[in-house]
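Asks: Build me a model:
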Amino acid sequence: MENQEISRRQFFGKSALALAGFSLLTETAFGAPAYIKNLGKPNSLFNGVQVGAITYSWRSMPGSAENILQYCIDCNVSAIELMGPAAEEFAGAPAAPPRPGGPRQPLTDEQKAQMAEYQKKMADWRSKVSMDKFTQLRKMYNKAGVSIYGFKPNALGVNNTDAEVDYAMRAAKALGANQVTIELPTSGDQTKRLGDIAARNKVYVGYHGHTQQTPTWWDEALGQSNYNAMNFDMGHYVAAGYDPIPLIKEKHQHIVSMHTKDRKNKENGGANLPWGEGDTPIVEVLQLMRKNKYKFPATVELEYEIPAGSDAVKEVAKCVEFARKALMTT
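Replies: Next up is the predicted model:
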């Protein structure tokens, strides 16, 4: 079985670009052949603003590294924030135990014991794994026209060892990323710890938040290390009751990536909606990024309900096209 698994990975690694080529013969969500628009490679750098996507956007679909590369090509996404499982599976990580009943169901005692054993195996694997497979993954993506700017592994928590945190930074660099991303810890000791390890590796830690975000929410972490930074989510910020534009103007130098979605504001209920239907000033922010030449990417995070008859690839493609139109408009 192990040899079969290795062979499967080798086959998919070699065939990813062939699959990419096959996709050029298909039509995009907007009706035009992809090869006419992009000459065979995705390009979501519009007027100097990099539009990307987080792989969470395709969570409803198969999630191997090869799958995700194909989604990028089909959506015209040329840069991504890659979550941990796809990269770690590609690199040969131990398989996670199954969770019958779905990820949101509470764990049984037996499942808790299995998860604890799995976490030990992962910590040991992370402390020893070569970066060669991560480098191979980067090269495969780059050859197809996709760069990886962020890496979000489940290896940066309070219970993860220093060796695991160091691994996360080294893997990010091997993937070509300048940042790892994580939800902002509640402990200042943890953000200092992460910032110190990040400084040694010269990789940023982009701290993400939801509706707990405020204008001063990141300040403690930002003051602890030059490598503590913001993975700002402007949709959640709007749902929390704030205008993202003043924050972006004030703290743009600390933002390493920005999750982009359209939510209603707090007064209007905060719902996640298709782009252009909520209260988030997506067009204004993208044009501000263009005008001021901000270099952090705008990351599509698909969280609204997928309409009947559509799928996550089609919806991400719509978001990318929305951003393109906003950025190409004078």
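
Asks: which residues of the chain fall in helices?
Replies: Assigned helices in the chain, in chain order: 2-23, 34-38, 65-75, 84-90, 109-128, 132-143, 162-175, 188-201, 219-224, 234-239, 244-251, 282-292, 312-328 (criterion: DSSP state H).

Asks: tell me the average confidence for stretch 323-330?
Replies: Averaging pLDDT along stretch 323-330 yields 94.

Asks: again with stretch 201-209
Replies: Averaged across stretch 201-209, the pLDDT comes to 98.

Asks: First-to-last residue distance for it?
Replies: One end of stretch 201-209 sits 24 Å from the other (CA to CA, to the nearest Å).

Asks: Of all the helices of the chain, which one is nearest Ser44?
Replies: Nearest to Ser44 among those is helix 312-328 (5.5 Å), distances taken as CB to CB. C-beta here means a position set from N, CA and C on the backbone, and glycine is covered the same way.

Asks: could you give the angle of the closest one to helix 282-292?
Replies: 50 degrees (axes from the mean of the first three to the mean of the last three CA atoms, to 10 degrees).

Asks: contacting residues around helix 312-328?
Replies: The contact list for helix 312-328 (CB atoms under 8 Å, 6 or more residues apart in numbering) reads 28-30, 44, 46-47, 49, 51, 53, 57-61, 71, 74-77, 260, 274-276, 282-283, 286-287, 290, 298, 300, 302, 304, 306-307.

Asks: sorry, back to before: ranking the helices of the chain by mean pLDDT, which is last?
Replies: helix 2-23 (a mean of 39).

Asks: Now, of the contacts of helix 312-328, which are buried?
Replies: 28-29, 44, 46, 49, 51, 53, 57-58, 71, 74-77, 260, 274-275, 282-283, 286-287, 290, 298, 300, 302, 304 (16 or more other CB atoms under 10 Å).

Asks: In stretch 191-199, which residues are buried?
Replies: Here stretch 191-199 shows Thr191, Lys192, Arg193, Leu194, Gly195, Ile197, Ala198, Ala199 as buried, counting by 16+ other CB under 10 Å.

Asks: for stretch 86-98, same thing?
Replies: Per 16+ other CB under 10 Å, stretch 86-98 contains these buried residues: Ala86, Ala87, Glu88, Glu89, Phe90, Ala91, Ala93, Ala96.

Asks: What residues does the second one make contact with?
Replies: In this case it means Ala87. Ala87 touches Ala65, Phe134, Leu137, Phe151, Pro153, Ala171, Leu175, counting by CB under 8 Å, 6+ apart.

Asks: Is there a quick PyMOL command that grabs whichever of those are buried?
Replies: In PyMOL syntax, the buried subset of the contacts of Ala87 is picked out as below (16+ other CB under 10 Å):
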select buried, resi 65+134+137+151+153+171+175
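
Asks: Out of the contacts of Ala87, which is nearest to Gly235?
Replies: For the contacts of Ala87, the nearest to Gly235 is Phe151 (21.7 Å; CB to CB).

Asks: Chain neighbours aside, what residue packs nearest to Glu183?
Replies: His208 (5.4 Å; CB to CB, 6 or more residues apart in numbering).

Asks: In the beta-sheet assignment, what are the partners of that neighbour?
Replies: Glu183, Asn231 (DSSP bridges).

Asks: Tell me who's in contact with Asp262.
Replies: Gly235, Asn272, Leu273, Pro274, Trp275, Gly276, Glu277, Gly278, Asp279, Thr280, Ile282, Tyr304.

Asks: same thing with Gly241?
Replies: Per CB under 8 Å, 6+ apart, neighbours of Gly241: Asn265, Lys266, Glu267.

Asks: List only buried entries from those residues.
Replies: Asn265.

Asks: I'd say Ser78 and Ala144 touch.
Replies: No: counting by CB atoms under 8 Å, Ala144 is not a contact partner of Ser78; they are 9.4 Å apart.

Asks: where do the contact lists of these two overlap?
Replies: With CB under 8 Å, 6+ apart as the test, Ser78 and Ala144 both reach Lys41, Pro42, Cys72.

Asks: coming back round to it: the residue nearest to Glu183 touches Pro185, doesn't it?
Replies: No: if you go by CB under 8 Å, His208 and Pro185 don't touch, sitting 11.0 Å apart.

Asks: so which of the shared contacts of Ser78 and Ala144 would you say is closest to Tyr167?
Replies: Of the shared contacts of Ser78 and Ala144, the one sitting nearest to Tyr167 (CB to CB) turns out to be Cys72, at 24.7 Å.
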